[in-house]
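Trainee: With the sequence up front, the predicted model follows.
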Amino acid sequence: MGVGISNWALARAVARAGQEHGVPVLGVVSGTGLPILLASRLRQKDQQTAQAIATFPVPAIAEELLRTYYGTVKQPPKPQVLMAGNAAMVRRMNILAMASNYVEVRLAQQGHTQPIGINYLEKIQLTHLPEIYGAMLAGVDYILMGAGIPNQVPEVIRSLAGHQSASYLIDVAGDTQRYKLSFDPAAYIPAAQQQPLTKPRFLAIVSSHVLAQALATKVTGVDGFVVEGPAAGGHNAPPRGKELTETGEPKYGPKDQPDLAKIAGYGKPFWLAGGFASPQRLAEAKALGAAGIQAGSVFALCEDSGLRPDLRRAMRQRVCDGTLGVTASPTASPTGFPFQVAALDGTLSEPETYAARKRVCREGYLVQPVRVGEDIVFRCPAEPVDAYLKKGGKVEDTAERRCICVGLCATAGHAGASEAPIVTIGKDVSAVWQLLAQNHGAYTAEDVIVHLFGLHATRRDMRAPALDAAPPA
Ligand SMILES: Cc1cc2nc3c(=O)[nH]c(=O)nc-3n(C[C@H](O)[C@H](O)[C@H](O)COP(=O)(O)O)c2cc1C
């Protein structure tokens, strides 16, 4: 999970590079935290965002959002995930979720004819339905989802493609029952304004063949898998064992390795992720039966990503110096999933910076519904400790937790100046080093594509004569 790093500009740059060089790529936008980004961009008077919103299928919704966040409203409502609220508040949140996903995909589609994907974290369940619908209204081609068991998504896609009401079962800790959230498109888009929607393909992000098998055999509508290993940036699947390494990171063993031959046997295409960003590893992935790879870290540090420019510079410097430390923290993320954190001054990786932040839960994206007695409460181990304990949480679960909702928004320049960022990156940054060395200290998404596909002969300055070259198989 990142917020706004793999933004529309990066996904578009990837898609355009693929089109220009005739190689098969998929630009994917991150679907995490988009309501926050939309509100923030509109408040910053971002013209492209405002123009994209204006194309939303229901003009009244576009006008309402523009009036609220782009216009003169002094204190617009926060784009917070709703833990409780009246019908008007639910409606406002759903509109923000729909419109922000619509805008991100719509902007990523501009200037090329390549497909665009959007990825979500299954764990962030409360907003899935309006988010997926918003992305589908824009005509998203692929939906990817990991960090949980995304077995409900294909049915959601089928319902929403016909503008039918969809539902999602929510996990509630401490309860054997799951609770159903429903979303009816007709409440937002009158039937007369509903255009036919294309059903996007669905790729599940998994780390084990066991989950891949369950999804492949028991769920209709899983079109393929991204198989992500523990070197990948962002969140990782936890290992089976609870043991930690000497450096306090989760310890992965042979049992955590997915059986790729089994995954290949399920008859669906799969892509490998986590330290695969090199032509050699791409070839290796293909030899193992994969359709290709998914890369994140090398793109996160390119010119086109949403990473705050000062953080990009600092990260690149550390890669060049060979001093970049990346730790898979078992505690930093409130989700409980291991989360890769780069050691960087002035960020939440530093104990002093972490200690200086007053705990507060402002966004609510990572809250977990929990049954406490008769009530269902929403809590996050990074919220103020007292509040967490009052909701039945254990004090030991609050230790070292970072508020990554706000921290990750700060990393993309979308939190107040007083908020410290937190930077995630994968364990393998060798491609970053190589690209910085080849390109005098700065590189673009196009440079990454050129590098990964081994297209050195088609670099910008000599592209024309080389375009006839056959794309790699
Ligand atoms: C900065 C950063 C942000 C990421 N954000 C997301 C995200 O929002 N959603 C997601 O599914 N994966 C996310 N990822 C994981 C990537 O999609 C990808 O699987 C991973 O980076 C591949 O491994 P690599 O980092 O070794 O290239 C992120 C990775 C990085 C480095």
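Mentor: Yes, it's here.

Trainee: what's the closest residue to the ligand within the stretch 201-350 of the chain in contact with, if anything?
Mentor: Residue nearest to the ligand within the stretch 201-350 of the chain: Gly296 (2.0 Å; C-beta to the nearest ligand atom). All C-beta atoms are positioned from the backbone trio N, CA, C, and that covers glycine. Gly296 is in contact with Gly2, Ser6, Ala232, Gly233, Gly234, Ala273, Gly426, counting by C-beta atoms under 8 Å, 6 or more residues apart in numbering.

Trainee: repeat that for 10 Å
Mentor: Residues near Gly296 by C-beta atoms under 10 Å, 6 or more residues apart in numbering: 2, 5-6, 28, 30, 119, 228, 232-234, 273-274, 276-277, 305, 424-426.

Trainee: These in strands, which ones?
Mentor: Among the contacts of Gly296, the ones falling in strands (DSSP state E) are Val28, Ser30, Asn119, Glu228, Ala273.

Trainee: Which single residue of the stretch 1-150 of the chain approaches the ligand most closely?
Mentor: Distances between the stretch 1-150 of the chain and the ligand by C-beta to the nearest ligand atom are smallest at Gly2, namely 2.6 Å.

Trainee: circling back: give me the subset of the ones in strands among the contacts of Gly296 that also touch the ligand.
Mentor: Restricting the ones in strands among the contacts of Gly296 to those near the ligand by C-beta under 6 Å from any ligand atom leaves Ser30, Asn119, Glu228, Ala273.

Trainee: The spatially closest residue to Ala138 that is not a sequence neighbour sits in which helix or strand?
Mentor: In this structure, Ala138 finds its nearest non-sequential neighbour in Val105, 3.8 Å apart by C-beta to C-beta, 6 or more residues apart in numbering. Val105 belongs to helix 87-108 when assigned by DSSP states H and E.

Trainee: for that helix, packing partners?
Mentor: Other elements packing on helix 87-108 under the criterion 3 or more C-beta pairs under 10 Å, 6 or more residues apart in numbering; DSSP states H and E are helix 8-21, strand 27-30, helix 34-43, helix 47-53, helix 59-65, strand 116-121, helix 128-137, strand 179-183.

Trainee: One more pass at 8 Å, please.
Mentor: Counting contacts by 3 or more C-beta pairs under 8 Å, 6 or more residues apart in numbering; DSSP states H and E, helix 87-108 packs against helix 8-21, strand 27-30, helix 34-43, helix 47-53, helix 59-65, strand 116-121, helix 128-137.

Trainee: Mind putting the ones you listed into CSV with mean neighbour count and mean pLDDT?
Mentor: Formatted as CSV, the helices and strands packed on helix 87-108 follow (neighbours: other C-beta atoms under 10 Å; pLDDT from 0 to 100):
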stretch, mean neighbour count, mean pLDDT
helix 8-21, 23, 97
strand 27-30, 28, 98
helix 34-43, 24, 92
helix 47-53, 18, 95
helix 59-65, 17, 93
strand 116-121, 26, 97
helix 128-137, 27, 97
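
Trainee: Now render these as a markdown table, adding distance to Tyr168.
Mentor: Putting those into a markdown table (distance: least, C-beta to C-beta, whole Å) gives the following:
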| stretch | distance to Tyr168 |
| --- | --- |
| helix 8-21 | 25 |
| strand 27-30 | 20 |
| helix 34-43 | 17 |
| helix 47-53 | 25 |
| helix 59-65 | 22 |
| strand 116-121 | 12 |
| helix 128-137 | 5 |
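
Trainee: How far does stretch 190-203 sit from its chain's centre?
Mentor: Here stretch 190-203 is found 22 Å from its chain centre; the criterion is C-alpha atoms, centre = their mean, to the nearest Å.

Trainee: buried ones in that stretch?
Mentor: For stretch 190-203, the buried set under the neighbour-count rule, 16 or more other C-beta atoms under 10 Å, comprises Leu197, Lys199, Pro200, Arg201, Phe202, Leu203.

Trainee: wait, doesn't the first one sit right on Ala161?
Mentor: If I follow you right, that is Leu197. Yes: at 4.9 Å, Leu197 counts as touching Ala161 under the criterion of C-beta atoms under 8 Å.

Trainee: what residues are shared contacts of those two?
Mentor: Common contacts of Leu197 and Ala161, defined by C-beta under 8 Å, 6+ apart, comprise Met136.

Trainee: what distance separates the start and the end of stretch 213-229?
Mentor: Using C-alpha to C-alpha, to the nearest Å, one end of stretch 213-229 lies 17 Å from the other.

Trainee: List, one by one, the residues from the chain near the ligand.
Mentor: Taking C-beta under 6 Å from any ligand atom as the test, the list of the chain residues beside the ligand reads 1-2, 5-6, 30, 32, 119, 146, 205, 228, 231-234, 273-275, 277, 294-297, 300, 424-426, 428.
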